[in-house]
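*Asks:* Pasted the sequence and its predicted model underneath.
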Amino acid sequence: MELSTAILTDDIFFYGCLVLIFAGLSTIIIVGILTNRLLNKLSYKKSFKSQQIIKDCLNTIAALAPDSELFKAEIQEAQSILQRVTQGSPRLAQFVIDRLIDLYKNLTGKSARALKDVYDNLHLYRVSKHKLMQGNYAIVIQGIQELAEMKRHEDIESLIGFLDHYHRLVRLETRVALVQLIPEDPLMCMKFMNDTLTKWEEILIYNKLRSLSPEQIPTFKAYFSHTNSTVVCYSINMAARFLQYDAIDLITRLIFHENTAISWQAVNALKLLQADQASKYILLLLHKTKSLKVRIECIECLAQIGDTQKLAPLFRKVIDESKNPMVTKTLSKIFVDWDKSGAKKLSKSSFKGKSRLMISHFSNPLIH
């Protein structure tokens, strides 16, 4: 009996100790979670307050910059506050860079220069340049974009080396950045380019070129003899987009290029430039080329720049004899467009068979 009581007492003591241990651990965990939440909340409030101060300072600098002589003390005070707030905090320094870029994109003149001064005076460019030395290509790209957006011409030499970077996206962003940073020779990055230009890169570079002043737009015909066919095509397209009429003669020669992509781009450019003096060469190419894509582009180009009275009989013959549905479709649409513009009166009865059906189809007002 006494033995049983002793065993029972030992069991109660053992389980009691376990309960106390678990209760103690649970209390410590709960206190730890609550403390962590409290610290996070305080940190968030402090961070939010710091971010608000940064926004207010940058807005003040941008707003007072046009009258900087009158508000010199206020601008300097705002810069001093920014320096104190961001000191020792990479996260807040990055917040300032992001905010600066957002504001800088939409401002010009003294306000833009004042924001550039903040980026330089607070040595934030060092944060951006440090990213160039990272192994992660996404961080490298971020650094390149920041230096380009803040017009750090002083760091062009640091960026040029990335034209040969192992990662294609880094090379792409470097080329786009150099278009912004070297306005006197914005296509310098393409002179020795071996990469194939993607559509996305073409759009990015085009948007940067549009932001340049007219006198800074490069002479694109200088790149017509480039060894990279995608650079040639892009240069032809840009010459047309920026209405460089002095390039028409060279573009006309390129329509007979053995590379069909270059040939097509040249025909398209002549269409955009409304180069009616090239119509006889386009007509010659139409008979010579074996590329369906080039042939259709020739037809569309002639429809815009050629003599409709002379072309109508030829196109009418092709539309009746062609076995290619794409050619038939293109010509049918051209005849309908001519008719609507009054350039060529259309009589459906003069067409037979499938051509008459196609003309009727595209003449339907619901199609347009």
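*Replies:* Cool, got the structure. Since we're looking at a predicted model, the values are computed, not measured.

*Asks:* so where is the chain shaky, pLDDT-wise?
*Replies:* 1-16, 34-47, 306-368 (pLDDT under 70).

*Asks:* swap the cut-off to 50 and go again
*Replies:* Residue ranges of the chain with pLDDT under 50: 3, 8, 342-349, 351, 353, 357-359, 361-364, 366-368.

*Asks:* I figured Ile97 hits Tyr125, correct?
*Replies:* No. Taking contacts as C-beta atoms under 8 Å, Ile97 lies outside contact range of Tyr125: 9.1 Å. In this view, the C-beta of every residue, glycine as well, is placed from N, C-alpha and C.

*Asks:* list residues touching both of these two?
*Replies:* Shared contacts of Ile97 and Tyr125 (C-beta atoms under 8 Å, 6 or more residues apart in numbering): Tyr119.

*Asks:* On the three-state scheme, Lys290 is what?
*Replies:* Here Lys290 takes the coil state, with states given by DSSP: H, G, I helix; E, B strand; the rest coil.

*Asks:* ok, back up a step: in terms of neighbours, single out the busier of Ile97 and Tyr125.
*Replies:* Ile97 (22 against 18; other C-beta atoms under 10 Å).

*Asks:* For that one, give me its contacts.
*Replies:* Tyr119, Leu124, Val127, Ser128, Glu146.

*Asks:* Helix or strand for it, just tell me which one.
*Replies:* helix 90-105 (DSSP states H and E).

*Asks:* burial count for Trp264?
*Replies:* 22.

*Asks:* pretty sure it is touching Ser291, no?
*Replies:* Yes. Applying C-beta under 8 Å as the test, Trp264 and Ser291 come out as touching, 7.3 Å apart.

*Asks:* hang on, the earlier thing: which parts of the next helix or strand after the helix holding Ile97 are buried?
*Replies:* Under the assignment DSSP H and E, the closest C-terminal helix or strand after helix 90-105 is helix 109-121. Judged by neighbour count using 16 or more other C-beta atoms under 10 Å, the buried positions of helix 109-121 are Ser111, Ala112, Ala114, Leu115, Lys116, Val118, Tyr119.

*Asks:* Skip ahead from helix 109-121 and say which helix or strand is next.
*Replies:* helix 124-131.

*Asks:* now the angle from that following helix to helix 109-121?
*Replies:* Orientation of helix 124-131 against helix 109-121 (axes from the mean of the first three to the mean of the last three C-alpha atoms, to 10 degrees) gives an angle of 60 degrees.

*Asks:* mind saving the C-alpha coords of helix 124-131 as PDB?
*Replies:* The C-alpha coordinates for helix 124-131 follow below in PDB (Å, rounded to 0.1, in the frame of the first residue of the first chain):
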ATOM      1  CA  LEU A 124      22.900  58.000 -53.500                       C
ATOM      2  CA  TYR A 125      24.700  57.200 -56.800                       C
ATOM      3  CA  ARG A 126      27.100  55.000 -54.700                       C
ATOM      4  CA  VAL A 127      24.100  52.900 -53.700                       C
ATOM      5  CA  SER A 128      23.200  52.400 -57.400                       C
ATOM      6  CA  LYS A 129      26.800  51.700 -58.400                       C
ATOM      7  CA  HIS A 130      27.200  49.200 -55.700                       C
ATOM      8  CA  LYS A 131      24.400  47.200 -57.400                       C
END
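
*Asks:* Let me see the residues that make contact with the helix or strand that that helix is followed by.
*Replies:* Next along the chain after helix 124-131, taking DSSP H and E as the criterion, comes helix 137-149. With contacts defined as C-beta under 8 Å, 6+ apart, helix 137-149 is touched by 97, 101, 104-105, 125, 128-132, 134, 155, 158-159, 162, 165, 167, 169-170, 173-174, 176-178, 180-181.

*Asks:* Among those, the buried ones, what's the ChimeraX command?
*Replies:* A single ChimeraX command selects the buried members of these (16+ other C-beta under 10 Å):
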select :97,101,104,125,128,129,131,132,155,159,162,165,170,173,174,176,177,178,180,181
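
*Asks:* in the stretch 151-300 of the chain, which spans are helices?
*Replies:* Applying DSSP state H, counting those that start in this stretch to the stretch 151-300 of the chain gives helices spanning 156-160, 168-181, 199-210, 229-241, 248-254, 260-272, 279-288, 292-305.

*Asks:* can you tell me which residues contact the nearest residue to Tyr245 once chain neighbours are set aside?
*Replies:* Closest residue in space to Tyr245, ignoring its immediate chain neighbours: Leu273 at 6.4 Å, by C-beta to C-beta, 6 or more residues apart in numbering. Contacts for Leu273 were tallied using C-beta under 8 Å, 6+ apart; they are Ala240, Leu243, Tyr245, Ile248, Ile251.

*Asks:* which one among those residues gets closest to His287?
*Replies:* The nearest member of the contacts of Leu273 to His287, counting by C-beta to C-beta, is Ile251 at 19.6 Å.

*Asks:* Next, the contact list for that closest one, please.
*Replies:* Per C-beta under 8 Å, 6+ apart, neighbours of Ile251: Lys221, Phe224, Ile236, Ala239, Ala240, Ala266, Ala269, Leu270, Leu273, Ala275, Ala278.

*Asks:* Need those in CSV (columns: distance to Ala65).
*Replies:* What follows is those, written out as CSV (distance: C-beta to C-beta, whole Å):
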residue, distance to Ala65
Lys221, 41
Phe224, 44
Ile236, 42
Ala239, 38
Ala240, 40
Ala266, 47
Ala269, 43
Leu270, 47
Leu273, 42
Ala275, 47
Ala278, 51
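
*Asks:* out of the residues you listed, which is most surrounded?
*Replies:* Counting by other C-beta under 10 Å, top hit in those: Ala266 with 32 neighbours.

*Asks:* Okay then, goodbye and thanks.
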